[in-house]
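Engineer: make a model of this:
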Amino acid sequence: PSGEQVNVGFKNVMLELAAAYSVLKSEKTDWQVLGGLRLTKQLLSINNIPSPPSAVSSFNTDQRWTDVFIGGRVFTGLTDKWQFIVRGDIGAGGSDRMWNLVGIFDYRFSSWGSTFFGYRVLDYDYDNGETGSNSYEFNGKLQGPLVGLNFRW
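Structural biologist: Residues are numbered from 1 along each chain as shown. A predicted model of the protein is given here:
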């Protein structure tokens, strides 16, 4: 209300470890089940909070949690070099619920590598279970484009 600028910083870091198993494979399509762990770390800082309404001028928190997930993915060969990959998973553990959906086009330029582009939606429902000033909840959807490089050996 006072027109003062409040600075907010947010960083989400995710590390995933998973294994997959082919359950049905044809010449152009590979259906797989997968499962794994997803470690999430979120850093939130808010500075220059006006007084009033707040009695503090800044807030910082560092939250970490691990979720177990299960899901599936399908690799579909479009040509000798192009394939489409769709993946979905759902999980919980540190969070109350989490789901992930990914669609990727992959171009294999050599026997050792490929490049990909696509889109990902990752939805969290997380509550650290604490109360008062230590309480932290993140009920949000992180989504956006993916671009990357795969190395194979």
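
Engineer: going forward, measure contacts and count neighbours with C-alpha atoms only.
Structural biologist: Noted.

Engineer: where does the protein have low pLDDT?
Structural biologist: Within the chain, the segments meeting pLDDT under 70 span 1-2, 51-56.

Engineer: spatially central residue for it, please.
Structural biologist: L122 (4.9 Å; Cα atoms, centre = their mean).

Engineer: hmm, that residue is touching W99, no?
Structural biologist: Yes - counting by Cα atoms under 8 Å, L122 sits close enough to W99 to count as a contact (5.9 Å).

Engineer: give the partner strands of the helix or strand encompassing Y107 in its sheet and their orientations.
Structural biologist: Following DSSP states H and E, one finds Y107 within strand 97-108. If you go by DSSP bridges, strand 97-108 pairs up with strand 82-93 (antiparallel), strand 113-127 (antiparallel).

Engineer: from the rest of the structure, what touches it?
Structural biologist: Residues outside strand 97-108 that contact it (Cα atoms under 8 Å, 6 or more residues apart in numbering) are 67, 81-92, 114-126, 146.

Engineer: so where does the closest residue to G36 other than its chain neighbours fall, helix or strand?
Structural biologist: Leaving aside its sequence neighbours, G36 sits nearest to A18 (Cα to Cα, 6 or more residues apart in numbering; 4.0 Å). Here A18 sits within strand 7-25, counting by DSSP H and E.

Engineer: and that strand, what does it pack onto?
Structural biologist: strand 29-47 (3 or more Cα pairs under 8 Å, 6 or more residues apart in numbering; DSSP states H and E).

Engineer: counting contacts, what elements does the strand it packs on pack onto?
Structural biologist: Applying 3+ Cα pairs under 8 Å, 6+ apart, one finds that strand 29-47 makes contact with strand 7-25, strand 58-77.

Engineer: quick one: it to chain centroid distance?
Structural biologist: Between the centre of strand 29-47 and the centre of its chain there are 4 Å (Cα atoms, centre = their mean, to the nearest Å).

Engineer: that one versus strand 58-77: what angle between them?
Structural biologist: 170 degrees (axes from the mean of the first three to the mean of the last three Cα atoms, to 10 degrees).
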